[in-house]
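*Asks:* with the sequence up front, the predicted model follows.
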Amino acid sequence: GIQVEQSPPDLILQEGANSTLRCNFSDSVNNLQWFHQNPWGQLINLFYIPSGTKQNGRLSATTVATERYSLLYISSSQTTDSGVYFCAVTSSGGGNKLTFGTGTQLKVEL
Amino acid sequence: DAMVIQNPRYQVTQFGKPVTLSCSQTLNHNVMYWYQQKSSQAPKLLFHYYDKDFNNEADTPDNFQSRRPNTSFCFLDIRSPGLGDAAMYLCASRTTPGTEAFFGQGTRLTVV
């Protein structure tokens, strides 16, 4: 099946700093999403982005499907951005499966 | 308004006592998923349905079963929970593979 790797696995930032999270996948995809998992465990949808670039406030994401990676940018980070960020994909030949990446644990400090 | 609802949010069960977790969605989505997530790990797919078609992951333990009696509801049954089954269980739905998936708030299962 498709392999999905995220980097870095852990990241500590000072409040106000910018960061880039990366998601690499091993096969072509027809679906890619970014999620933020809050401290209570719920997965919050950030972006549905199988290709192209989107922005939502301080967050933006870019997927380069032909090169099999996606990037999540967080600007002017806040303590509330802390948590785990996952990308999840469905491969073009993978039926209905939604496969999660390994995750990036982000901590934003004052 | 919550679109994918999981009940209960927290469930405590005894070792070996069957337990059922439920999920409902108001979106009329064709595809529904169950994931297991253990501490500091990524969610792991257990099952998914496309309408009534059931798909079981090869490494899902036989102890886990699922039912989807209609489009809106999906259940996860754990026949004889062991201590290793303590985890967060997440349900999700979407229309088709190429569309956005939405997750419920999860059920945190404790086995005592």
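*Replies:* That came in fine, so what should we check first? Numbers count the residues shown, from 1 in each chain, chains lettered A, B, ... in the order given.
*Asks:* which parts of chain A are strands?
*Replies:* A:4-7, A:10-14, A:19-25, A:29-37, A:43-48, A:52-56, A:59-64, A:69-74, A:83-91, A:99-100, A:104-109 (DSSP state E).
*Asks:* just send those back as TSV, with mean pLDDT too.
*Replies:* Converted to TSV, these look like this (pLDDT from 0 to 100):
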stretch	mean pLDDT
strand A:4-7	98
strand A:10-14	97
strand A:19-25	98
strand A:29-37	96
strand A:43-48	97
strand A:52-56	98
strand A:59-64	98
strand A:69-74	98
strand A:83-91	96
strand A:99-100	96
strand A:104-109	97
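*Asks:* give me the low-pLDDT residue ranges for chain B?
*Replies:* Chain B contains residues with pLDDT under 70 at B:1-2.
*Asks:* all helices of it, in order?
*Replies:* Using DSSP state H, no helices are found in chain B.
*Asks:* what residue lies at the spatial centre of it?
*Replies:* Residue closest to the mean C-alpha point of chain B, counted by Cα atoms, centre = their mean, is residue B:34 at 3.2 Å.
*Asks:* can you name the residues bridging to it?
*Replies:* Residue B:34 has these beta-bridge partners by DSSP bridges: residue B:47, residue B:91.
*Asks:* just to check, it is in contact with residue B:90?
*Replies:* Yes. Residue B:34 is within contact range of residue B:90, at 7.4 Å (criterion: Cβ atoms under 8 Å). Where C-beta positions appear, they are placed from N, C-alpha and C, glycine not excepted.
*Asks:* near chain B, which residues of chain A? Just list them.
*Replies:* Residues of chain A found near chain B (Cβ under 8 Å from any Cβ of the partner chain) are A:30-31, A:33, A:35, A:40-43, A:45, A:48, A:50, A:86, A:88, A:90, A:94-103.
*Asks:* swap in 10 Å and give it another go.
*Replies:* A:1, A:4, A:6, A:29-31, A:33, A:35, A:37-38, A:40-45, A:47-50, A:84, A:86-88, A:90-92, A:94-103, A:105 (Cβ under 10 Å from any Cβ of the partner chain).
*Asks:* if we can go back for a sec, ok, the residue nearest to the centre of chain B - contacts?
*Replies:* When contacts are counted by Cβ atoms under 10 Å, 6 or more residues apart in numbering or on different chains, residue B:34 touches B:21, B:23, B:43-49, B:57, B:60, B:64, B:66, B:74-76, B:89-92.
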